[in-house]
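> Next comes the sequence, and after it the predicted model I'd like to discuss.
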Amino acid sequence: MWVAASAGPVGAMLAVGSEYRGRYGLSVAELERFHRPRLETLAAARPDVLALETVPDTDEARALLRAVRGLGVPAWLSYSVAGDRTRAGQRLDEAFALAADADEVIAIGVNCCDPRDAGAAVALAARVTGKPVVVYPNSGERWDAEARMWRGPARFAAGQVAGWRAAGARLVGGCCRVGPGTIGEVASELSEPSEPSEPSAPDARGPGRLSPAKEPDTACTCGNVASEGDCQWWGAD
Ligand SMILES: [Zn+2]
C-alpha cells in the first residue's frame, strides 16, 4: 500500500469554489511561493508519493512542477477538468504536456471532475505524456460554493472504470461524493483480468513502482476543503 501526501490547489484554501475555476490572479512565481513550503513539509514526512491534485489551471501546474523538482519524492499531477479543458479553460493536451518530461511525475491525469469527462482525458494524458494515468472523478454532482452544497445527479458508476483502464489508467478511484460502497465496486471491477486486446500501459519513470503488469491501485483522495469529511483513502493492496 502507498501513502500519498495531498497537496491541493490554492483554491481549496480560499474555500470559495475557486478550485473549480483557477485564475486566482496570482503569477506562477507567487503560486510557487505558496506551494513550495507546503510541499517541503510534506516531503519531509517521507510519503510514498505527493498527490498534486484538483489542479484547475496550468499556471498552478507550472508552479507545482517547479516546487516539486528536487524534493526527492515522486508525485502525480492531477487536473480538475470540465469537458476537454482545464477548469480555467486551457487545452488539456497542452496541460498534460507540461509534465511529459518531468522525471518526478510518475503519473498524470484528472480528478474531481464529472466522470463523463474522464475517459477522453485519460486517453489524452497517456498519449501526450507516455506516463501511467491517474483518474478519480467525483460523483458528477456540482459544488455550489454559495450554498455550500452539492447539486445535480450522481453519475459515477463502477462499470465505467474498465474503459479508463483500457485507455491507460493505472491509479483509479473516486473523489468527492464517491463513497466506500462504490470504491468497493471499483476494486471488484479492477480485480477482473484485463481484456487481451488492452494496449500495454506506458512504463513509469522515476522509482518504477508503477509496473505496466501491475493491476491498477484503488484510491480516494481529495485536496478539496469543500468536501472535507467526504474523502478518505482506500488502498487495494
Ligand atoms: Zn473532490
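That came through fine.
> what helix or strand is S78 on?
Assigned by DSSP states H and E, S78 belongs to strand 75-79.
> Let me see the mean pLDDT of that strand.
In this model, strand 75-79 has an average pLDDT of 98.
> try stretch 166-178
For stretch 166-178, mean pLDDT is 96.
> what's the answer for stretch 32-44, then?
The model assigns stretch 32-44 a mean pLDDT of 97.
> Could you tell me which strands the helix or strand just after the strand holding S78 is paired with, and in which direction each runs?
Next along the chain after strand 75-79, taking DSSP H and E as the criterion, comes strand 81-82. Each strand paired with strand 81-82, and its direction, by DSSP bridges: strand 85-86 (antiparallel).
> Can you list the neighbours in contact with the strand it pairs with?
22, 55-58, 79-80, 91-92, 95 (CB atoms under 8 Å, 6 or more residues apart in numbering). C-beta coordinates here come from the backbone N, C-alpha and C atoms, glycine included.
> Now those in TSV, please, with extra columns for neighbour count, secondary structure and distance to the ion.
Shown next, in TSV, are these (neighbours: other CB atoms under 10 Å; DSSP: H, G, I helix; E, B strand; the rest coil; distance: CB to the ion, whole Å):
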residue	neighbour count	secondary structure	distance to the ion
G22	23	coil	15
V55	32	strand	12
P56	28	coil	12
D57	28	coil	16
T58	23	helix	19
Y79	33	strand	12
S80	29	coil	8
R91	13	strand	22
L92	21	helix	18
A95	26	helix	18
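> Minimum pLDDT in those, which residue is that?
Lowest in pLDDT among those is G22, which has 77.
> E192 - how many residues pack around it?
10 (other CB atoms under 10 Å).
> residue contacts, it?
Neighbours of E192 in contact, by CB under 8 Å, 6+ apart: A162.
> Remind me what the lengthiest helix in the chain packs against, helices and strands.
When the chain is parsed with DSSP state H, its longest helix is helix 28-44. Contacts defined by 3 or more CB pairs under 8 Å, 6 or more residues apart in numbering; DSSP states H and E place helix 28-44 against strand 4-7, helix 10-14, strand 49-55, helix 58-68.
> mind listing the strands for this structure?
Taking DSSP state E as the criterion, the chain carries its strands at 4-7, 49-55, 75-79, 81-82, 85-86, 105-111, 133-136, 142-144, 149-151, 169-173, 217-219.
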